[in-house]
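In: let me see the structure of the following:
(chains A and B)
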Amino acid sequence: MTETKHTNLIRTLFPSAVSGVVLGVIGAIITGMIVYAFVGDNNQDAVIVAGYTGWVIFFFIGIGAFNGVWKWGFARHDATSAEELQLAGKDQGFWRYFRFTTDHKVVGMQYLATVLVLFFVGSLGAFMIRLEQSRPGAIFFTPSTYNTIVGMHGILMIAATIIMVSGPFGNFVLPIMIGARDMAFPRLNALSFWLLFSALPIFFSTLFLGGFPTGWTGYAPLAVQELTPGMDAYCFMIIVFAMSITVAALNIVATVMVLRTKGMTWGRLPIFVWGVLLSVFLGLIAFPSFLISQIMVLMDRVFQTSFFIASFGGSSWLYEHMFWFMGHPEVYVIALPAMAVAAEVTSVFARKPLFGYRLLIGGLVSICVLSVLVWGHHLYTSGSSPALDGPYMLDTEIISIPTGLFFLGIVGTLWRGKIWVTLPLLFVGGMLVNFVIGGITGIYLADLPTDEILHGGMFVTAHFHFTLVGSMVFGFLAGFYYWFPKMVGRRLNPLLGRLHFWLFEIGFLGTFTALFYAGLQGEPRWSANVAPPYATANLIASLFAILIAASVFVLVYNVVVTLVRGEVALANEWGAKTLEWTVPTPVPLENFEQLPVITSLPYDYGSPASLPDTGVVEVVEVIDIPLPAETQIQPES
Amino acid sequence: MSKALEQMHEIEPHVQVGRARVGVLMFVLSDAVSVVAIMAAGGYLSTLNVTGQFNAGVHAPAFLPGLLVAIVLVLSGLAYYGWERGVRKHGSAGQPIWFVLSGVLMLVALGGQVWIGMNLGYVAPFHAYASIILLLTWYSAVHLLLTVLVGILLSGRIIRGRLIGHGYIAEVVGYWWYYTVISYLLMWIFVVLFT
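Out: Below you'll find the model as predicted:
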């Protein structure tokens, strides 16, 4: 009996995240020691990088990621459906979240939990920044520590925002939305998440290795000249993260291209699917340049190459180009799915077909194409050829047209709709307000004459927070409140949700409007100590940031309480028409009993064509799901 | 294990083929952008020629070893194509001799590329030109190593008789195989012209 229990425990732990971490740590130590034996104290960076490499490889051996690869080549037979279902976490309870589980819903939940944790940790960094900047002079941190906090906050939040929609919802919801049973490559799906997971300890190890002073951009030559090995953590984390993004992206593209159910033509794809698809495709094009730039930085640091060292023929401009070739499209990698969530949610709660569906898709595609042509506007003031300024300025201006059209589409959807003001729609409203401010202030930074004055100042900080946080994170939160009942099976407390929204929105507007003012006064970014002329604006920003902090804790409290004793959610909580709402909650392992057949768009609210007996979505058990009273069309408030 | 659940999990053959094609092509696309990024970096540094430090001079890699590796790789690609054509035509494992030949040639190319990398003759600290050549050389070597590993896995399937009925695997591995050859040729030509 004891032996059986013992065996079961071993089978549970091996392979799992536990065995992965144990083996990863052992691997890191061994590889680090081997390299140390060769290079000694002369090349600390080489030892660190070897340790990170060992960690990643042995972590994946420990978690069992390579088992399937080996079996693919050398097993006597292909994996049976029973074995695949086992790998998908069938009957494994909660522990499946800690294994190399291939079920897209498990991966989606893993991403969601990770995103929330990253946001929480990143927010703590933000609060530390605001605390330090609340009064002139040094208060708590040395300039070096402050820079590390700012850098960590920046890159952590950027990483979190890149995956915040495509990770959780792209994995959990997207396959169901297109009528698929799983992602195209379930193993790659798990791999993408665990690559992300393995990057996190690497990133946080920078705290014990002296941090990194470059900020989130990791600019060379400072990145190369930095003597503490904390910079290696940044570079290696980016490399692993870029791999994770690439794997996830090719998987999502393959899923949408190949696994759409019968009748789910390109012209009938939910707008959310379009948003995620274009976002990850853009990532697939944009991220390799960033990945290569970090390989170059590591080579400069470890092998003494000179990609970015001017005295040996290198150039820091090279880094800026390679970084921003990723850096600006990356904004749209974040934006496209968040905007698509907003459009999806708006149609549901306006109970109206999406206004200009094809126009919106055209907008997303145009943004996608134009976004890879605008990176030069980040180099206006770095001394690049003036001949480039005009074209980059024009590109940047032009991209606002499809972006504006998209938001026009959202407003058009709301127009004369039967608006049901739910939490998700409230966040879409906040997103619209914040995006107007973020978008308009962006024009001043796109135009060279004003950018010459405003660049490198708090105005820029406020602008990109309005676009990334005020707009895109609000879009994520709209999706979070919208799909949470489907993903978790429980209903978040709407009152606490509204409190979260208002605290966040008011706090956000107060904080970053004050920083706009500080920027217009001339306060530079990257200054650890606030100078007296900017003290008032910074104090106001810090006071409003308390509201944001409170909103974060309200959200955390709401999630925890809901998980413990939240109301059970309905299968179709909002009376929506996309396919994820047609399956039971919790969603069965294979999603659909029978694959649905689609005959029209999922936005035909109020149209005679959408009546159930016309068979718009020909899934019998789905059509018959009774809608709860509260999901009926509400009078416009 | 529920039989119904297992049946639901079965993936239709055309879906298997489609996803494999798209997956490999997307991977190739992503990697191709990386290769372009490296070559663009080289071109950019060459154009800037900061403080006149960026020049090949006597540091240009030897022509002949690169040419030999390129020839071996082209032969490997051709041998793979010969094998893959047989697989597609007959729906079986094709003529394994061609596959073995392509694999051996790929291995030889890998060995050659590692030899080139070890014998570039540069001394640290490496100037920018040498840095670009080092990166291109070892990036190509990683490509070749990956292809060798894929070849080993594929050989396992052939030995176990698990390629029959899965001819698309030979096809999609071919995408990567040919891409490896083409990208090497492009990088090699770039290095030669760069000099």
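In: contacts and neighbour counts: CA atoms only from here.
Out: Will do.
In: the strand or helix carrying residue A:544: what's the following helix or strand?
Out: For residue A:544, the element it lies in under DSSP states H and E is helix A:535-565. Once helix A:535-565 ends, the next helix or strand along the chain (criterion: DSSP H and E) is strand A:567-568.
In: direction included, what does that following strand pair against?
Out: strand A:490-491 (antiparallel) (DSSP bridges).
In: need the residues that contact the partner strand.
Out: A:484, A:485, A:562, A:563, A:566, A:567, A:568, A:569 (Cα atoms under 8 Å, 6 or more residues apart in numbering or on different chains).
In: next structured bit after that strand?
Out: Criterion used, DSSP H and E; the element after strand A:490-491 is helix A:494-521.
In: my guess is residue A:515 meets residue A:536, correct?
Out: No: applying Cα atoms under 8 Å as the test, residue A:515 and residue A:536 come out as separate, 10.2 Å apart.
In: neighbour count for these two, which is higher?
Out: residue A:515 (27 against 16; other Cα atoms under 10 Å in any protein chain shown).
In: how much space between the more buried one and residue A:497?
Out: 27 Å (Cα to Cα, to the nearest Å).
In: residue A:395 against residue A:376, yeah?
Out: No: under the criterion of Cα under 8 Å, residue A:395 makes no contact with residue A:376, lying 9.7 Å away.
In: returning to what we had before: among the contacts of strand A:490-491, who's most crowded?
Out: residue A:485 (22 neighbours).
In: and it, what does it touch?
Out: A:491, A:492, A:569, A:570, A:573.
In: which helix or strand contains it?
Out: helix A:474-488.
In: what does residue A:140 give?
Out: Applying DSSP H and E, one finds residue A:140 in no helix or strand.
In: and if you look at the one 4 residues further on?
Out: When elements are assigned from DSSP H and E, residue A:144 belongs to helix A:143-163.
In: what is that helix packed up against?
Out: helix A:104-132, helix A:316-350 (3 or more Cα pairs under 8 Å, 6 or more residues apart in numbering or on different chains; DSSP states H and E).
In: how about residue A:355, nearest residue that isn't a chain neighbour?
Out: Distance criterion Cα to Cα, 6 or more residues apart in numbering or on different chains; nearest residue to residue A:355, sequence neighbours excluded, is residue A:413 at 4.8 Å.
In: list the contacts for that neighbour?
Out: A:346, A:347, A:350, A:352, A:353, A:354, A:355 are the contacts of residue A:413 under Cα under 8 Å, 6+ apart.
In: among these, who's most crowded?
Out: Compared across the contacts of residue A:413, residue A:346 has the highest neighbour count, 31 neighbours, by other Cα under 10 Å.
In: thought it was touching residue A:425?
Out: Yes: here residue A:346 lies in contact with residue A:425, judged by Cα under 8 Å, at a distance of 6.3 Å.
In: just the mean pLDDT for the helix or strand following the helix holding residue A:144, thanks.
Out: Downstream of helix A:143-163, the first helix or strand assigned by DSSP H and E is helix A:168-172. The average pLDDT within helix A:168-172 is 97.
In: need phi/psi at the residue of the stretch 351-500 of chain A found nearest chain B.
Out: Residue of the stretch 351-500 of chain A nearest chain B, by Cα to the nearest Cα: residue A:384 (11.2 Å). The phi/psi pair for residue A:384 (degrees, to the nearest 10) reads phi -70, psi 170.
In: read off the pLDDT value for it.
Out: For residue A:384, the model assigns a pLDDT of 79.
In: closest one to chain B among the helices and strands packed on helix A:143-163?
Out: Per Cα to the nearest Cα, nearest to chain B of the helices and strands packed on helix A:143-163: helix A:316-350, 6.7 Å.
In: so what's the gap between the helix or strand just after that closest one and the chain middle?
Out: Per DSSP H and E, helix A:316-350 leads on to helix A:357-371 as the next helix or strand towards the C-terminus. Taking the mean of its C-alpha atoms, helix A:357-371 sits 20 Å from the chain's own mean (Cα atoms, centre = their mean, to the nearest Å).
In: give me the contacts around helix A:357-371.
Out: A:267, A:271, A:274-275, A:278-279, A:282, A:328-329, A:332, A:336, A:395, A:399, A:402-403, A:405-406, A:409.
In: can you do 6 Å?
Out: Under the contact criterion Cα atoms under 6 Å, 6 or more residues apart in numbering or on different chains, helix A:357-371 has outside partners A:329, A:402, A:406.
In: next one: stretch A:136-155
Out: With Cα under 6 Å, 6+ apart as the test, stretch A:136-155 has contacts from A:122, A:125, A:132, A:211-213, A:215-216, A:528-532, A:535.
In: surely residue B:68 is within a strand?
Out: No: counting by DSSP: H, G, I helix; E, B strand; the rest coil, residue B:68 falls outside a strand, being helix.
In: give me the pLDDT for it.
Out: Predicted confidence (pLDDT) for residue B:68: 98.
In: that older thread, so which of the helices and strands packed on helix A:143-163 is nearest residue A:220?
Out: helix A:316-350 (5.5 Å; Cα to Cα).
In: give me the distance between the closest one and the centre of its chain.
Out: Distance, stretch centre to chain centre, for helix A:316-350: 10 Å (Cα atoms, centre = their mean).
In: avg pLDDT for it?
Out: 96.
In: can you point out the buried residues in it?
Out: A:317-350 (16 or more other Cα atoms under 10 Å in any protein chain shown).
In: chain B contacts on the stretch 401-550 of chain A?
Out: Remark: no part of the stretch 401-550 of chain A is in contact with chain B, using Cα under 6 Å from any Cα of the partner chain.
In: low-scoring stretches of the stretch 401-550 of chain A, by residue?
Out: Judged against pLDDT under 70, the stretch 401-550 of chain A has no low-scoring part.
In: which parts of chain B sit against chain A?
Out: Proximity of chain B to chain A, by Cα under 6 Å from any Cα, involves residues B:6, B:18-19, B:22-23, B:26, B:30, B:34, B:37, B:50, B:53-54, B:125-128, B:131, B:153-154, B:156-157.
In: buried ones among the residues you listed?
Out: Here, 16+ other Cα under 10 Å leaves B:6, B:18-19, B:22-23, B:26, B:30, B:34, B:37, B:50, B:53-54, B:126-128, B:131, B:153-154, B:156-157 buried among the residues of chain B next to chain A.
In: before we move on, back to that, Serialize the contacts of helix A:357-371 to JSON lines and add fields for distance to residue A:66.
Out: Converted to JSON lines, the contacts of helix A:357-371 look like this (distance: Cα to Cα, whole Å):
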{"residue": "A:329", "distance to residue A:66": "33"}
{"residue": "A:402", "distance to residue A:66": "43"}
{"residue": "A:406", "distance to residue A:66": "43"}
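In: and those, which is closest to residue B:170?
Out: Distance to residue B:170 across the contacts of helix A:357-371 (Cα to Cα) is lowest for residue A:329, with 35.1 Å.
In: ok, back up a step: please identify which of the contacts of helix A:357-371 is nearest to residue A:33.
Out: residue A:329 (39.6 Å).
In: coming back round to it: just the contacts of helix A:357-371 now: which is nearest residue B:71?
Out: residue A:329 (38.4 Å).
In: wait, what's in contact with that closest one?
Out: A:371, A:372.
In: hmm, 7 Å instead?
Out: By Cα atoms under 7 Å, 6 or more residues apart in numbering or on different chains, residue A:329 lies in contact with A:286, A:371, A:372.
In: redo those residues as CSV? Include distance to residue A:520 and neighbour count.
Out: Shown next, in CSV, are the contacts of residue A:329 (distance: Cα to Cα, whole Å; neighbours: other Cα atoms under 10 Å in any protein chain shown):
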residue, distance to residue A:520, neighbour count
A:286, 32, 28
A:371, 27, 24
A:372, 29, 21
